[in-house]
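1. The following comprises the amino acid sequence and a computationally predicted model.
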Amino acid sequence: MEIDKEKTLNKINIIETFLSELRQLSALSLNEFKNDFKNYDSAKYNLQISIEAMIDIGNNINNFSH
């Protein structure tokens, strides 16, 4: 089985997009971050989607070796 390059590149783009969002959140002071629950929710969502994309890439590579 071959690695699906298009799927992998799409997942990398997703990771880059959500990491950019996380970088913007990291620019906030701790008080700014904590004072708006949307910041916490956004950070959690961005991390979750990024991790899911990384798992998808890993599964794609793992399937290649079988």
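-> That came through, no problem.

2. ok, which stretches of the protein are helices?
-> 5-26, 30-34, 37-64 (DSSP state H).

3. Save those helices as JSON lines, and put in mean neighbour count and mean pLDDT too.
-> In short, each C-beta sits where N, CA and C put it, glycine included. JSON lines is the format used below for the helices of the chain (neighbours: other Cβ atoms under 10 Å; pLDDT from 0 to 100):
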{"stretch": "helix 5-26", "mean neighbour count": "13", "mean pLDDT": "97"}
{"stretch": "helix 30-34", "mean neighbour count": "10", "mean pLDDT": "97"}
{"stretch": "helix 37-64", "mean neighbour count": "14", "mean pLDDT": "94"}
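
4. from memory T8 sits against G58, does it?
-> No - contact criterion Cβ atoms under 8 Å: T8 and G58 do not qualify, at 10.2 Å.

5. show me what contacts L30?
-> With Cβ atoms under 8 Å, 6 or more residues apart in numbering as the criterion, no residue contacts L30.

6. The one 10 residues further on too?
-> Taking Cβ under 8 Å, 6+ apart, we find Y40 in contact with 33-34.

7. Check the gap between it and N13 for me.
-> Distance, Y40 to N13, using Cβ to Cβ, to the nearest Å: 25 Å.

8. next one: K44
-> Distance from K44 to N13, by Cβ to Cβ: 21 Å.

9. go on, N59?
-> According to Cβ to Cβ, N59 stands 17 Å off from N13.

10. now do M1
-> Counting by Cβ to Cβ, the gap from M1 to N13 is 23 Å.

11. ok, now N39?
-> 24 Å.

12. N46 reaches F18, doesn't it?
-> Yes - N46 is within contact range of F18, at 4.2 Å (criterion: Cβ under 8 Å).

13. dump the residue contacts of L22.
-> Residues near L22 by Cβ under 8 Å, 6+ apart: 43, 46-47, 50.

14. One more pass at 10 Å, please.
-> Counting by Cβ atoms under 10 Å, 6 or more residues apart in numbering, L22 touches 42-43, 46-47, 50.

15. Relative to F64, which of those is nearest.
-> Set against F64, the nearest of these by Cβ to Cβ is S50 (21.6 Å).

16. Now do the residue nearest to the closest one when sequence neighbours are not counted against M1, distance only.
-> Spatially, and ignoring its direct neighbours in sequence, S50 is nearest to F18 (4.6 Å; Cβ to Cβ, 6 or more residues apart in numbering). Applying Cβ to Cβ, the value for F18 to M1 is 28 Å.
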